[in-house]
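*Asks:* Just the structure for this:
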Amino acid sequence: MKKRFILLIFVILIVVIILFSIIFVVNKGSISSENLIFSKKHFKYGESVEEKLRAILHEKKDFKINPNERINRFYAFEKFTGRIKTGGISYNSIFAIDKSEISIKIKNINVDRLSFSIFNSGNSRMFYRIFVLNGKTEKLIYTKSMSKRKIISKTINIKNIPVKGSYLILKTKGKGFGAWINPFLFKYNKKPKIFIVIVLDTLRADHTSLYGYSRNTTPCLKRLASDGVLFKNAYSTTSWTLPAHVSLFTGKNLIEHRVMNPNTRISYDYPLIAELFQKNGFATIAFTGGGFVEDDYGFFRGFQYYSNIPGNVFSMNSAERVFQHFKNYTEINWGKDMFVFLHTYQLHAPYKVTHKYLRSFNKALDENLKGIRNYLTNNSDYFKNIDPENRKKLIDIYDSSILYLDNELVGSVVDFLKSKKVYKKSMIVVLSDHGEEFYDHSSWEHGHTLYRELIKIPLVIKYPENKKRGVENRLSSIMDIPSIILEHTEFKNRENFPYSEIETNDRVLTVLLPVSPIIKQFPTKISFVDQKYHFIFNILDKKGLDYFTEKPDFSHIELYKNSDIKELNNLFGKDKKPLARFMKLLNKYRMRLRNLRLKQTDINSELKRKLKSLGYLN
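*Replies:* Numbers count the residues shown, from 1 in each chain. Presented below is the predicted three-dimensional model:
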């Protein structure tokens, strides 16, 4: 009897476990969000709507409509769906002109919230209403009238409204132009999945205490690394912002993504990682400093909200602004799975930091907002040295800014996620796109050479549930990051994203500088890095180098051991075996470069002005 009872209990226990497993699998596999921007829609507009849209496009106004762009490569182009840019922010939008009605069939999904924003151009009064149509029953769930130019955001609890298989009807009435921004159905989750990529633009690895610097510049990053993986040998694909970020978002090097100069936009030939997250139901948000990560280069693709504002290069408190914008947006939109991109020019020249942090490493420091252009007369002086005391001041401000950035952005993001009790399950990637030179190799700033101080980058990854911890000593690249992130998602399809090659023993990284964004007379450079050596090939043009008041001492070919940290001992002519291997690679690479055809585009005047203020396009 006792044995039968134990057997019965055992059987019941097995059945319960199986039932819970089935429930878990069903819930895990059920769809709990839908971005309505990409849902099938039926548009009903008044007469001459296309003519009116064309007229609006040609009006002089303080907002920009981009109706002819695909906002995500994975979705087909729709005539009345596109991007609105206002106040430096791009939004995914469905356009509403005069009297309009947009019907959206809701899938059989498990949701309880509807979030959206309304844009009103302010040229007349418009009425905005949302209905749920279930059979023949039409229920009004939102109404608003607006006459002023503004954006209003709203989240509606639809838990008690039967929306499965229904239609969502977005209606406008009036005269003028408006838009439905980012309409999004989701099931509220108190502990959503969070993936965050933080780029600390211009941070050189050897100025972080994380990588052994004598000054304690990155205590927060060091603590984050203790919960994740520190990549000791991570490199960028170039030494300036635009092409490095394209590598970050595509997993491709420069010759593959073909964004090599300031007049090249991101191609639709390949996907960006944000597009894949958006396709899989994530809310996708970016807070950046614009410039070479401006949405207009194509970085908007896959992001429902892309801001060029808070990480501005001339803001003393850029790091705090980026964090506050992120926190404010996230608080309002909490409950959605999110992919977030944070970027700041806090460390970019001119070097600057808030007064509280200014004297972190030099108590006598009395100058701020300084860069090499404060000491050089012309661009042609780029290879001139300056007084050692002034050089030290620039480094002191730069290092203080690193500490500020570490505390007020990296530390604040971590603390915020912990306060929301999602830190452990979140994935956080912190890196730089390139470093900075302080006359290490007789020049300044970045985007002109491919020495270690510019291409070796800090990289820390905290994995979901802290699945991986420790130190990665193998060669890694900025272009490995999409693959590493995707390995920790549940996406069914990687959509041809390249796989990481970190585990390849004989890996060779290619780093390229075909055009300098600063001064066109800087030589073109091709570089290869393996586990033991760093090879640099300089394409020297005597006429171009004559532009400079002091001539740079470049050799055509440079070879350094990786143990030569400062890269001062050129082994060209001394170590022939690795040189022969690199020369063979170089010949193949130059052939590919010769056959490459770039599609040039004119960047808009506002972006051109912004880039020139950063010291580029000379």
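
*Asks:* Okay, now the unreliable bits of the stretch 1-150 of the chain?
*Replies:* 1-31, 60 (pLDDT under 70).

*Asks:* Do a quick rundown of the strands in it.
*Replies:* With strands called from DSSP state E, counting those that start in this stretch, the stretch 1-150 of the chain shows them at 33-35, 41-45, 63-66, 81-86, 89-97, 100-105, 113-120, 126-134, 137-146, 150-157.

*Asks:* So for residue 363, which of those sits nearest?
*Replies:* strand 89-97 (40.3 Å; C-beta to C-beta). In this view, the C-beta of every residue, glycine as well, is placed from N, C-alpha and C.

*Asks:* and the closest one, which strands flank it?
*Replies:* strand 81-86 (antiparallel), strand 177-186 (antiparallel), strand 305-307 (antiparallel) (DSSP bridges).

*Asks:* Number of residues surrounding residue 576?
*Replies:* Look at residue 576: counted by other C-beta atoms under 10 Å, it has 12 neighbours.

*Asks:* Would you state the predicted confidence (pLDDT) at it?
*Replies:* Note on residue 576: pLDDT of 85.

*Asks:* What lies in contact with whatever helix or strand residue 538 lives in?
*Replies:* Element membership for residue 538, per DSSP states H and E: strand 533-539. The contact list for strand 533-539, computed with C-beta atoms under 8 Å, 6 or more residues apart in numbering, reads 450-452, 523-529, 554-562, 567, 571, 575, 578-579, 582, 586.

*Asks:* Same check on stretch 47-67?
*Replies:* Contacts with stretch 47-67, where a contact means C-beta under 8 Å, 6+ apart, come from 79-80, 82-86, 95, 97-98, 100, 121, 177.

*Asks:* switch to 6 Å and redo it
*Replies:* Stretch 47-67 is contacted by residues 82-86, 97, 177 when judged by C-beta atoms under 6 Å, 6 or more residues apart in numbering.

*Asks:* Out of those, grab the one that's most surrounded.
*Replies:* The member of those surrounded by the most neighbours (other C-beta under 10 Å) is residue 177, with 26 neighbours in all.

*Asks:* hang on, that residue packs against residue 122?
*Replies:* No - between residue 177 and residue 122 no contact is recorded; they are 9.3 Å apart, counting by C-beta atoms under 6 Å.

*Asks:* For residue 281, give its distance to residue 492.
*Replies:* Separation of residue 281 from residue 492 (C-beta to C-beta, to the nearest Å) stands at 12 Å.

*Asks:* more neighbours, the two?
*Replies:* residue 281 (18 against 6).

*Asks:* what's near enough to touch that one?
*Replies:* Residue 281 touches residue 33, counting by C-beta under 6 Å, 6+ apart.

*Asks:* rerun that using 10 Å as the cut-off
*Replies:* Residue 281 makes contact with 31-35, 109, 184-186, 336-337, 491 under the criterion C-beta atoms under 10 Å, 6 or more residues apart in numbering.

*Asks:* what's the most distant pair in these?
*Replies:* Maximum pairwise distance in the contacts of residue 281, criterion C-beta to C-beta, is 19.4 Å, between 185 and 491.

*Asks:* Grab the nearest non-local neighbour of residue 515.
*Replies:* Excluding the flanking residues, the one nearest residue 515 by C-beta to C-beta, 6 or more residues apart in numbering is residue 261, at 4.3 Å.

*Asks:* And for residue 266?
*Replies:* Per C-beta to C-beta, 6+ apart, closest to residue 266 is residue 298, 3.1 Å.

*Asks:* From residue 335, how far out is the residue nearest to residue 515?
*Replies:* When distance is defined by C-beta to C-beta, residue 261 is 42 Å away from residue 335.

*Asks:* quick one, what contacts the residue lying closest to residue 531 once chain neighbours are set aside?
*Replies:* With C-beta to C-beta, 6+ apart as the criterion, residue 531 has its nearest non-adjacent residue at 6.2 Å, and that residue is residue 475. Applying C-beta under 10 Å, 6+ apart to residue 475 gives the contacts 231-235, 501-502, 504-509, 529-531, 562.

*Asks:* Could you turn the buried ones of those into a PyMOL selection?
*Replies:* Of those, the buried ones go into a single PyMOL selection, burial set by 16 or more other C-beta atoms under 10 Å:
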select buried, resi 231+232+233+234+235+501+502+508+509+529+530+562
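
*Asks:* Surely residue 544 touches residue 554?
*Replies:* No - Residue 544 lies out of contact with residue 554 (C-beta atoms under 10 Å); the separation is 11.1 Å.

*Asks:* list the buried ones in the helix or strand hosting residue 223?
*Replies:* According to DSSP H and E, residue 223 maps onto helix 219-226. In terms of neighbour count (16+ other C-beta under 10 Å), helix 219-226 has its buried residues at 220-222, 224-225.

*Asks:* Just the mean pLDDT for that helix, thanks.
*Replies:* Mean pLDDT, computed over helix 219-226, is 98.
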